[in-house]
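Student: Model the following, please.
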Amino acid sequence: MEIKNSEAKLIESEKMASLGGMVAGIAHEINTPVGMALTGITHLF
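Tutor: Alright, predicted model coming up:
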């Protein structure tokens, strides 16, 4: 029984780590063009 609980916790941890990595990747993909646009706009004014 304890092995199954440990296994379930490990799977949940791996899912959360994977989700965290995916969210970080998406955030990076969004922030990079936005940051570049803001930098460009700032230099214009």
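
Student: Which pLDDT value belongs to the residue nearest the centre of the chain?
Tutor: Nearest to the mean C-alpha position of the chain, counting by C-alpha atoms, centre = their mean, stands Ala24 at 1.9 Å. For Ala24, the pLDDT comes out at 92.

Student: Next one: it from Ala17, what distance?
Tutor: Ala24 sits 11 Å away from Ala17, taking C-beta to C-beta, to the nearest Å as the criterion. Every residue, glycine included, has its C-beta placed from N, CA and C.

Student: do Val34 as well
Tutor: For Val34 relative to Ala17 (C-beta to C-beta), the value is 26 Å.

Student: Gly40 now?
Tutor: 35 Å.

Student: Ile3 too?
Tutor: 21 Å.

Student: Give me the more crowded residue out of these two.
Tutor: Neighbour count, other C-beta atoms under 10 Å: between Ile3 and Ala17, Ala17 has more, with 10 against 7.

Student: The more buried one and Val23: what is the separation?
Tutor: 11 Å.

Student: Then Val34?
Tutor: 16 Å.

Student: Quick check: Arg10 vs Ala24, distance?
Tutor: For residue 10 the amino acid is Leu, not Arg. In terms of C-beta to C-beta, Leu10 sits 21 Å off from Ala24.

Student: wait, I meant Leu44
Tutor: 30 Å.

Student: Could you check the pLDDT of Val34?
Tutor: The predicted local confidence for Val34 is 85.

Student: One more: Gly21?
Tutor: Confidence score, pLDDT, at Gly21: 92.

Student: gap between it and Phe45?
Tutor: For Gly21 relative to Phe45 (C-beta to C-beta), the value is 37 Å.
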